[in-house]
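[1] the following comprises the amino acid sequence and a computationally predicted model.
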Amino acid sequence: MKVHPNMTTQTDFSKRPEVTVDTMGKVHNPSGQGVAAFTAKKKPEKTTTDNAHHPQKQNDHQTRKIEEGSARRNITRKKTDSATTGHYDSRNKKHGGAGKGKWVKDGSDHLNILGMDEPLDENDPLYVAEEDADPSSFILSSHETADELRHSGAEPSAYDASNDKAVYGPMLTCAEFKIRVSDAVREYFDSSDADEVVRCIDEMKCREYHPEVVKRAISLGLDAGPRERELVSRLLACLHPNPLSDDCLELGFEVLLDSIDDLVIDIPDAKAMVGSFLARAVVDEVVAPAFLSNRNNSHPGDCVVEKAVQLLSREHCTARLEKVWGPGDGRPVSELKNAMDQLLKEYLLSRELDEAASCVRELKAKHFHHELVKRGVKIAMEEDGRDHASKSSSLDAMAALFKFLVQNSIVSEFQVAKGVQRLEKILPDLKLDVPAAPSMLDEFETLAREQGFLHIPSRKA
């Protein structure tokens, strides 16, 4: 029989050493009795050189158990043991030397920052016995001329209730004043209420910074459209002479002209537009013509002054400069009237209030809405015909339109009343084309009063 090379024959076992209990131990020996065990000896710990050079005291930073079998520890850390660190208390190191919210110097109750413990010299020319005798007396000021006002005997400009002290000089810093003026002018662009801007400037009580009003208002107008520039020109006229005096306005224009090179970087047409502002201010009698003649070509903005002089030298310059920004949106008055006629006729055909209101907003001519009322009622009369015998459907539609515009704060009641009053003045001429115009106007006024957007007395009353 042939034997496979990988197979193990019985004769091979005889060559192996005999396995006995002495060599392997008992087969079932859970305790391991009779089997030699191997144990490794623990190596001795090496001492570092640092411990040799920096010996430490025994029991330093040692953790001690308070109770046997408890996990609580009493950890003593560095710089917290009063016996070794003296009077230093590290618990307050993040709050300052005296703890949170306190300032202490040499054990006193307050830190003498102002040096009030030093005696005041009565021979000092700035010494005021009534005020300086009390070391806690002080004044609040935000301007360099505050001390001059105080010692000149002038009345304080305001009173700070929180500190119970009188305030000499402006109530705000120049940066705060600029921010508030900018916010007031932006709000004025939306509301067109110049009285609110005047009231805001008066409430700030910062007369020393009033020249900044001119610069901020015109700068914001340069970034906006023709409507906003027209509003700025009207605002300057409303601010003169109170709260802005002649000197404040001239100084404001001087500051603006000195910074014209910086404005040109952002607004290339700044020189031409500032020249128009300056010429319009002369026409509105806000700035004296002598202000232009006093500029002797030695300032950066003299080219702007030359532009203003050219505008004032034209024929009929007053009438032209009054419309230098157009009727409010940059367009001529005739073009604006044509746009109003077109939207009113389209409304009478479609009777869509939302579309008509959107077109009125796009005109951006709130101060010219009285012309819209006048032309609207006139077109409605012409649409109803020359002989008025029945109820006018066009007048009803026009009354519904103006009611919708007033309710949505698009057209003011003042503009409606002004438009009706202008229509009454041209009634004799209108009667030549529409004989029933007087009765139709009375009907429109009655509808307007019933619907609540007209509050002027009747013509017959």
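    Noted; the coordinates are in hand.

[2] from here on, just use CA atoms for contacts and neighbour counts.
    Noted.

[3] the nearest residue to Asp246 once chain neighbours are set aside: neighbouring residues, count only.
    Spatially, and ignoring its direct neighbours in sequence, Asp246 is nearest to Val287 (6.9 Å; C-alpha to C-alpha, 6 or more residues apart in numbering). By other C-alpha atoms under 10 Å, the residues close to Val287 number 23.

[4] and Val287, that's in a helix?
    No. Looking at Val287 with DSSP: H, G, I helix; E, B strand; the rest coil, it is coil, so not inside a helix.

[5] surely it touches Ala281?
    Yes. Val287 lies in contact with Ala281 (C-alpha atoms under 8 Å); the separation is 5.6 Å.

[6] name the residues contacting each of those two.
    Overlap of the contact sets of Val287 and Ala281 (by C-alpha atoms under 8 Å, 6 or more residues apart in numbering) is empty.

[7] pull out the buried positions in stretch 233-251.
    Residues of stretch 233-251 classed as buried: 233-240, 243-246, 248-251 (neighbour count, 16 or more other C-alpha atoms under 10 Å).

[8] mind pulling up the pLDDT for Ser334?
    What the model reports for Ser334 is a pLDDT of 80.

[9] so how many other residues sit close to it?
    Ser334, neighbours per other C-alpha under 10 Å, totals 10.

[10] let's see the host helix or strand of Ile179 as CSV, backbone CA atoms only.
    Using DSSP states H and E, Ile179 sits in helix 174-191. What follows is helix 174-191, C-alpha atoms only, in CSV (Å, rounded to 0.1, in the frame of the first residue of the first chain):
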residue,chain,number,x,y,z
CYS,A,174,-20.5,115.9,15.9
ALA,A,175,-20.6,112.3,14.7
GLU,A,176,-23.9,111.6,16.6
PHE,A,177,-25.3,114.9,15.1
LYS,A,178,-24.4,113.9,11.6
ILE,A,179,-26.1,110.5,12.0
ARG,A,180,-29.3,112.0,13.3
VAL,A,181,-29.4,114.6,10.6
SER,A,182,-28.9,112.0,7.9
ASP,A,183,-31.8,109.9,9.3
ALA,A,184,-34.1,113.0,9.5
VAL,A,185,-33.3,113.9,5.9
ARG,A,186,-33.9,110.4,4.6
GLU,A,187,-37.3,110.3,6.4
TYR,A,188,-38.0,113.7,4.9
PHE,A,189,-37.5,112.2,1.4
ASP,A,190,-40.3,109.8,2.1
SER,A,191,-42.8,112.2,4.0
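
[11] measure Glu443 to Tyr347 for me?
    20 Å (C-alpha to C-alpha, to the nearest Å).

[12] to clarify, my last question referred to Phe404.
    Distance from Phe404 to Tyr347, by C-alpha to C-alpha: 13 Å.

[13] common neighbours of those two, please.
    Joint contacts of Phe404 and Tyr347 (C-alpha under 8 Å, 6+ apart) are Leu353.

[14] related to what we said a few turns ago, tell me what the helix holding Ile179 is packed against?
    helix 194-204, helix 211-223 (3 or more C-alpha pairs under 8 Å, 6 or more residues apart in numbering; DSSP states H and E).

[15] quick check: next helix or strand after the last one?
    The element immediately downstream of helix 211-223 (helix or strand, assigned by DSSP H and E) is helix 226-239.

[16] low-scoring stretches of the stretch 351-461 of the chain, by residue?
    Applying pLDDT under 70 to the stretch 351-461 of the chain flags residues 385-392, 459-461.

[17] which residues of it fall in helices?
    Taking DSSP state H, counting those that start in this stretch as the test, the helices found in the stretch 351-461 of the chain are 353-363, 369-384, 393-407, 413-425, 427-433, 437-451.

[18] buried residues in the longest one, which are they?
    Of the residues in helix 369-384, those buried by neighbour count under the rule 16+ other C-alpha under 10 Å are 369-384.

[19] list the contacts of that helix.
    With C-alpha under 8 Å, 6+ apart, helix 369-384 has contacts from 337, 340-341, 344-345, 392-395, 398, 402, 411, 415-420, 422-423, 434, 437, 440-441, 444.

[20] show me which of those are buried.
    Using 16+ other C-alpha under 10 Å, the buried members of the contacts of helix 369-384 are 337, 340-341, 344, 392, 394-395, 398, 402, 411, 415-420, 423, 434, 437, 440-441, 444.

[21] Gly326: what secondary structure?
    Per three-state DSSP, Gly326 ends up coil.

[22] output the helices of the stretch 351-461 of the chain in CSV, with distance to Leu312 appended to each entry.
    Shown next, in CSV, are the helices of the stretch 351-461 of the chain (distance: least, C-alpha to C-alpha, whole Å):
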stretch, distance to Leu312
helix 353-363, 29
helix 369-384, 29
helix 393-407, 39
helix 413-425, 31
helix 427-433, 36
helix 437-451, 43
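
[23] re earlier: what's the closest of the buried residues of stretch 233-251 to Leu321?
    Ser233 (10.7 Å; C-alpha to C-alpha).

[24] how far away is the closest one from Pro300?
    From Ser233 to Pro300 the distance is 23 Å (C-alpha to C-alpha).

[25] having no further points to raise, I will conclude here.
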